[in-house]
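Colleague: have a look at this fold, sequence not included:
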């Protein structure tokens, strides 16, 4: 896996977590009186009592997946990514990577924060990624 893929993974996990949270909310709403689960209901109306166990199973399944993703995201942001950033030899590159991937600023915003040009920030970002990739690939062999 490339350094950039690892550094972007928390963002991808958060998107998946938002989707799961929305699905959970929709399932819960379908259990309310008069609620309709458009994915499962063929006919509107009727009692929700008979679909309650299946809906709860779907909620539990999604919540379990949500917390698995959250644990992975937490491990990445609290442990793995800081370890990877320490592999970057240049402090400026490390700061750029932190601003861009962890704080999720755009390159233009990072350039404004550190008072450098966008091309300089982009070059430092690429250098930092190359440092991490070098270490990642050397650990594989």
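Modeller: Right, received. Where do you want to start? From a predicted model like this one, the values you see are computed outputs, not experimental measurements.

Colleague: report how many residues lie close to residue 125.
Modeller: 20 (other CB atoms under 10 Å). In short, each C-beta sits where N, CA and C put it, glycine included.

Colleague: check the secondary structure at it for me.
Modeller: helix (DSSP: H, G, I helix; E, B strand; the rest coil).

Colleague: grab the nearest non-local neighbour of it.
Modeller: residue 96 (5.0 Å; CB to CB, 6 or more residues apart in numbering).

Colleague: so which helix or strand takes in the one you found?
Modeller: helix 91-97 (DSSP states H and E).

Colleague: that helix - contacts with which helices or strands?
Modeller: helix 81-86, helix 107-114, helix 118-140 (3 or more CB pairs under 8 Å, 6 or more residues apart in numbering; DSSP states H and E).

Colleague: could you rerun that using 6 Å?
Modeller: helix 118-140 (3 or more CB pairs under 6 Å, 6 or more residues apart in numbering; DSSP states H and E).

Colleague: residues of the helix it packs on that come out buried?
Modeller: Neighbour counts over helix 118-140 (16 or more other CB atoms under 10 Å) mark 121-122, 124-125, 127-129, 131-133, 135 as buried.

Colleague: out of those residues, who's nearest residue 67?
Modeller: Nearest to residue 67 among the buried residues of helix 118-140 is residue 132, at 28.3 Å by CB to CB.

Colleague: sweet, I'm off.
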